[in-house]
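K.L.:
quick one: sequence and predicted model below, then my questions.
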Amino acid sequence: MEFTTVVKSFEELSPIELYKILRLRNEVFVVEQNCPYQDADNKDPKCCHLMLLKDNELMAYARLVPPGLSFPQMSIGRVVTSPKARGTGAGRVLMNTAIEQCHKIFGEGNIQIGAQAYLLKFYSSLGFNQVSDVYDEDGIPHIDMIRA
């Protein structure tokens, strides 16, 4: 599947793009994963936003977080793939692009993520290494991982 890649600062997002992002995050994190939590955490305005689009529909998204906001290192968060794009390789394309864009925007350095524990193998295949024990975040087992 071919995607159009868009990276924008918060200020550059159109109202329609922001709506698509929040809708997808809500659809997967809150509804599908049955995890009521405060998604609007005041970090979005300080981040860059990576979108993978297919025919103008948001297929995958990740938030590119500057160093010092979530972790001492730059970070990738709110990684989400639309149910319509699962099994197409969109998640791998998204993460590879997110890694590349983090280095382009924030410079060279480690990238830290707080990953859902069941995705350990996926993130390990992208060069991330587990650096914490499993912990609970909003009722879902997570682990911290770093890509050096």
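P.N.:
Yep, that arrived.
K.L.:
mind checking which helix or strand S132 is in?
P.N.:
Under DSSP states H and E, no helix or strand contains S132.
K.L.:
what's across from the nearest residue to it once chain neighbours are set aside in the sheet?
P.N.:
Take S132 and drop its neighbours on the chain: the residue closest to it by C-beta to C-beta, 6 or more residues apart in numbering is D144, 3.8 Å away. Placement of C-beta: from N, CA and C, glycine included. D144 forms beta bridges with G114, as assigned by DSSP bridges.
K.L.:
count of neighbours near D39?
P.N.:
Applying other C-beta atoms under 10 Å, we find 13 residues neighbouring D39.
K.L.:
could you measure from the nearest residue to it once chain neighbours are set aside over to V6?
P.N.:
Leaving aside its chain neighbours, D39 sits nearest to R25 (5.6 Å; criterion: C-beta to C-beta, 6+ apart). According to C-beta to C-beta, to the nearest Å, R25 and V6 sit 16 Å apart.
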